[in-house]
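Participant: Need coordinates for the below:
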Amino acid sequence: MSPSVKLRVLREKCQGHARCHALAPELFVLDEFGNAREASAAPLPSEFEDKAFIAQANCPEGAILVDVSREG
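Facilitator: Numbers count the residues shown, from 1 in each chain. Here you go, the predicted structure:
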């Protein structure tokens with residue numbers, strides 16, 4: 001089994017600090033107010049998994065969820 005890592009931004013919590021985008025612009029896009037959303041709903045390529053966890057740890061609002069699941 002290999003892990004599948006997905007990223008989700010809780011939009012109701014995002015306050016537009018944009019730290020996630022600064023740390024991982026490949027994973028996040030910003031709207032016209034600077035609020036983030038995930039660039040893709042697909043599982044992350046393995047080379048971006050560490051960046052997802054760094055972005056999550058640096059979100060002052062706790063608006064980023066990184067979901068790790070096992071797939072067969």
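Participant: Going by C-alpha atoms from here, please, whenever you check contacts or count neighbours.
Facilitator: Will do.
Participant: Quick check on the residue nearest in space to the middle of the chain: phi, psi?
Facilitator: In the chain, the centroid-proximal residue (Cα atoms, centre = their mean) is residue 7; its distance is 4.5 Å. Residue 7 adopts backbone torsions of phi -120, psi 140, taken as degrees, to the nearest 10.
Participant: Check the secondary structure at the closest residue in space to it that isn't next to it in sequence for me.
Facilitator: Closest residue to residue 7 apart from its sequence neighbours, by Cα to Cα, 6 or more residues apart in numbering: residue 66 at 4.8 Å. Three-state assignment for residue 66 (DSSP: H, G, I helix; E, B strand; the rest coil): strand.
Participant: before we move on, the earlier item: for the residue nearest to the centre of the chain, give me its contacts.
Facilitator: Contacts for residue 7 were tallied using Cα atoms under 8 Å, 6 or more residues apart in numbering; they are 38, 41, 43-44, 52, 64-67.
Participant: Make CSV from those residues and add pLDDT to it.
Facilitator: Formatted as CSV, the contacts of residue 7 follow (pLDDT from 0 to 100):
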residue, pLDDT
38, 97
41, 95
43, 96
44, 96
52, 97
64, 98
65, 98
66, 97
67, 96
